[in-house]
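> Just to be clear, the model below is a prediction. Sequence and coordinates:
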Amino acid sequence: MMRNFWTLLGVALGVLALLHGVRWMGAAGPASANAHLAFDGVWQIEAPLLELKTDAGGRPPLNPAAAAVYDQRRAARQGGDVSWDPASKCKPLGEPRALMQDEPFELFTSDLRTGFLFQWNRLARFVVMADRHGPQLGPFYFGESIGRWDHDTLVVDVINVKANALLDPAGLPHSEDMHLVERFSLEGGKLVARLHVEDPATYTAPWDATLTFVRKPGVRIREDVCPERLQLTSDFYLLQNALK
Amino acid sequence: MDRSPRLSALLLAALALMAQRAALAQIEKPSEEDIQAAPKGFQGLIRGTSDKIQQSSPPGGAPGAGPGGPGGPDAAKVVARQPSRDPRDFTGLWSTERGGPGGGPGAKGAAPSGFAALGTVTPTKVEVSRICLVDVGITPATTMIYQTPTQVDFVYANELRARRVYLNEKMPRDPAPTYAGTAVGHWEGNTLVIETTALKGSLGQVGFDVETGSFAVRLVSPTLRVTERITKIHDGAQLEDRRHFEDPATALVPFDQVTTYNYDPGAQVLETECEDFGDAFGPGYAAPEARR
């Protein structure tokens, strides 16, 4: 009887150990909640970028038609003309351009939604923590983003990004069929975003780029109101004031 | 008595009213180009062929994103988790759109006379940007709350704009007015007490004022002080936000509002960009607000 008890206890402990081991070895998932909290805070791009380059240091592999558009925009910008840029009308910057602004942003993680709160025109972007995209409503400037934790890397999958949300300030184009995967990790105290872009309508091959951000302790996000900063006006109100 | 100046004024006023009506008519009838510029899901709604936002299925799930597969959580059906048991943890998505025990959406106990005392003004050219500000900070709306021991951020779903409250700090002296105001907070038991001042902009929605024949907003004075007391109620299923408005520098009659938020983790938060919609509908940034 006693021997049966010890045998059963041994088997039970063995099963528990096995289950625990399986869970511990689980491939994907958070390593610890505290590790995620380390992402929280104010960040800013380490070195401001005008043009997004691939990890190999070159220009993304644009197809000829897209390259012509890009070159036209770059030339216009060099000549001081940014009228082609939706951001010149305070349209949201979209992803990943919003990260590239030389302005701070807040990053907050949570179980259900991770938030990027940008200083630029007080934009906010939510990443729904889920494994699959839901029904599509977009396209939107920030697209539709889902995120998951792969150990201590935040993996964000972005689809349905509006075509006029350009990929960089120089006007790097994409189509609404673009698929962007962002992998955020902490490396040496910096936040690193590894980008993977697939967009056969615009690029001849998938490409990768990396953005690095530094923590900005003590920096507070100030209120930036783009329409005021750019002194945008509305035809409607101009009409109204003209009639006063 | 020479009546010509008065007649001219009347004629000008009539002309202004007609021009505004014409502009409104333009708002009501978006062109095909405007419709094409709107997000696909909204095009049927704008065209009048549908009374619902149209959804489409994602193209083959999330390629390259990782596990996915059947049975995984879906972005449209985020697991409806229970709110944190911690009475001081407000993190999560809170909605005013559904009623519930302890109060439904909107404000109750408001003193309209006090609110009305804020007065109305017609926006000027410089104030156009206000149209895209949506009363940050005070107006109840579906809200995502993030919090740390030193800071609470409220991100409002109607325009996805953030408001920050810094905890256990003194109110700065003479802060420059901003649309979100300057806000400091502290805990009194399990109640978060927030003081907000140095506001600019408006309370309440922009609307067409028939009497003055103009679009009007309720402006706030930079000396307006709003005290909020936010407490979790009903086992954390709701947040109760009690607000007190007073402005010692003006004739404002102090008044109170109470809003109850429901914990609503599955609420859909859509990108609704005022700048984009205003532009798409022709006459500028006024369009979405003017429709109300």
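Structure received.
> Next one, pLDDT for residue 115 please.
Using chain A here. At A:Gly115, the model reports a pLDDT of 93.
> Oops, wrong one, chain B.
Looking at B:Phe115, its pLDDT reads 50.
> now do A:Ser83
Looking at A:Ser83, the pLDDT reads 88.
> For it, give me its contacts.
A:Ala76 (C-beta atoms under 8 Å, 6 or more residues apart in numbering or on different chains). In short, each C-beta sits where N, CA and C put it, glycine included.
> swap in B:Ile194?
Per C-beta under 8 Å, 6+ apart, neighbours of B:Ile194: B:Val152, B:Val165, B:Ala183, B:Val184, B:Gly185, B:Val226, B:Thr227, B:Glu228, B:Arg229, B:Ile230.
> hmm, 6 Å instead?
B:Val165, B:Ala183, B:Gly185, B:Glu228 (C-beta atoms under 6 Å, 6 or more residues apart in numbering or on different chains).
> Now those in a markdown table, please, with extra columns for distance to chain A.
Output for those, formatted as a markdown table (distance: C-beta to the nearest C-beta, whole Å):
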| residue | distance to chain A |
| --- | --- |
| B:Val165 | 12 |
| B:Ala183 | 12 |
| B:Gly185 | 15 |
| B:Glu228 | 19 |
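> In chain A, where is pLDDT below threshold?
Within chain A, the segments meeting pLDDT under 70 span A:1-35, A:231-244.
> How about the residues of it by chain B?
A:90-92, A:108, A:110, A:112, A:115, A:117, A:122, A:124, A:126, A:128, A:130-138, A:140, A:142, A:146, A:148, A:155, A:157, A:181, A:223, A:225, A:227-228, A:233-237, A:241, A:243 (C-beta under 6 Å from any C-beta of the partner chain).
> all strands of chain A, in order?
For chain A, the strands defined by DSSP state E cover A:29-30, A:41-45, A:105-108, A:113-118, A:124-129, A:144-151, A:153-159, A:179-187, A:190-198, A:207-215.
> send the alpha carbons of stretch A:215-223 over as PDB?
Taking Å, rounded to 0.1, in the frame of the first residue of the first chain, the C-alpha atoms of stretch A:215-223 are listed here in PDB:
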ATOM      1  CA  ARG A 215      15.700  56.400 -24.500                       C
ATOM      2  CA  LYS A 216      14.900  59.900 -23.600                       C
ATOM      3  CA  PRO A 217      14.700  60.000 -19.800                       C
ATOM      4  CA  GLY A 218      13.000  63.000 -18.400                       C
ATOM      5  CA  VAL A 219      11.800  64.200 -21.800                       C
ATOM      6  CA  ARG A 220       8.100  65.000 -21.900                       C
ATOM      7  CA  ILE A 221       6.000  64.900 -25.000                       C
ATOM      8  CA  ARG A 222       4.900  68.400 -25.800                       C
ATOM      9  CA  GLU A 223       1.700  69.400 -27.500                       C
END
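> Now do that stretch: distance to the chain's middle.
19 Å (C-alpha atoms, centre = their mean, to the nearest Å).
> Thought A:Asp224 was touching A:Gln119, still the case?
Yes: under the criterion of C-beta atoms under 6 Å, A:Gln119 makes contact with A:Asp224 at 5.3 Å.
> Compare these two (neighbour count), which wins?
Each of A:Gln119 and A:Asp224 has its neighbours counted (other C-beta atoms under 10 Å in any protein chain shown); A:Gln119 has more, 21 against 15.
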